[in-house]
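Novice: just the structure for this:
(one chain, ligands or ions: 1)
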Amino acid sequence: MQVETGRFITLEGGEGAGKSTQAKLLADWLRERAIETEITREPGGSPGAEEIRKLLVTGEVGRWDSLTETLLHYAARRDHMTSRIMPALSSGRWVISDRFFDSTLAYQGYGQGVDLDVIGRLRALTIGAFKPDLTIILDVAPETRRARVSGRPGGEDRYERMTEAFHARVRNGFKVIASSEPERCVTVDADLSIAEVAAAIQGAVAQRLGFRAG
Ligand code: TMP
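Specialist: Below you'll find the predicted structure:
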């Protein structure tokens, strides 16, 4: 018997966009439709990648030079992809990832100034042509971001402590990504209520991945 491959959906956006809440709501919605679904996240998602995560999200803002930081994200991503995402998809489960490669382009490329072409080559080297079936980009205004991010537990606030100008470049980076790949990316206004954002995401999944919403 041939098992149908699962679909890979990524949620992207700036800090405080509500991605993890929306990942859970989307997984519940898919499971109600009898789709076996896993939620994961980046940086992290596998034991090895979670160890690398600690190096990235804690400590001094300037602890890595930006290319080293990019390499760490891609090392984590390769481990996550080979040990978790690919096995799940090949056994027919759907995977929702809270962040994936668009975050590296937005944060390290547009935000930290790493050459976009270098990031593209690194992507090809580490994960080949693999890409999400659908990417939801949650666009969050600076005021909302600031209001939502204060008080995150566990000291995982290294990126939040970066400058306002950095976060503006990241937001713009996601806009450029969304407009350059409209067949893969859908942008949703994350300033709307949780229920409204969830409904917009469900609509996009139903429309883009071809099954009925409701
Ligand atoms: P999180 O807050 O969504 O868990 O993500 C942790 C931080 O990691 C977030 O501030 C964005 C950052 N990040 C990058 O800078 N590049 C990447 O490739 C990924 C996946 C995350």
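
Novice: drop to CA atoms for contacts and neighbour counts, all remaining ones
Specialist: Will do.

Novice: need the contact list for the residue of the chain at minimum distance from the ligand.
Specialist: Per CA to the nearest ligand atom, Thr104 is where the chain lies closest to the ligand, at 3.4 Å. Counting by CA atoms under 8 Å, 6 or more residues apart in numbering, Thr104 touches Thr70, His73, Ile119.

Novice: just Ile9 next, same as before
Specialist: Contacts of Ile9 (CA under 8 Å, 6+ apart): Trp94, Val95, Ile96, Ser97, Pro132, Asp133, Leu134, Thr135, Ile136.

Novice: again, 10 Å this time
Specialist: Shown in contact with Ile9 (CA atoms under 10 Å, 6 or more residues apart in numbering): 23, 26, 39, 94-100, 131-136, 184, 205, 209.

Novice: just the buried ones from those?
Specialist: 23, 26, 39, 94-100, 132-136, 184, 205 (16 or more other CA atoms under 10 Å).

Novice: report the entries of the residues you listed that also contact the ligand.
Specialist: Arg99, Phe100 (CA under 6 Å from any ligand atom).

Novice: show me the buried ones among the contacts of Ile9 that map onto helices.
Specialist: Using DSSP state H, the members of the buried ones among the contacts of Ile9 that fall in helices are Ala23, Leu26, Val205.

Novice: out of the residues you listed, which comes closest to Ala34?
Specialist: Leu26 (12.7 Å; CA to CA).

Novice: how many residues are close by Gly62?
Specialist: 9 (other CA atoms under 10 Å).

Novice: for Ile127, same thing?
Specialist: 16.

Novice: ok, and the closest non-adjacent residue to it?
Specialist: Arg78 (6.4 Å; CA to CA, 6 or more residues apart in numbering).

Novice: any residue of the helix or strand of the chain with the lowest mean pLDDT touching the ligand?
Specialist: In the chain, no helix or strand scores lower on mean pLDDT, DSSP states H and E than helix 142-149, which sits at a mean of 88. No. Using CA under 6 Å from any ligand atom, helix 142-149 stays clear of the ligand, with a minimum separation of 9.3 Å.
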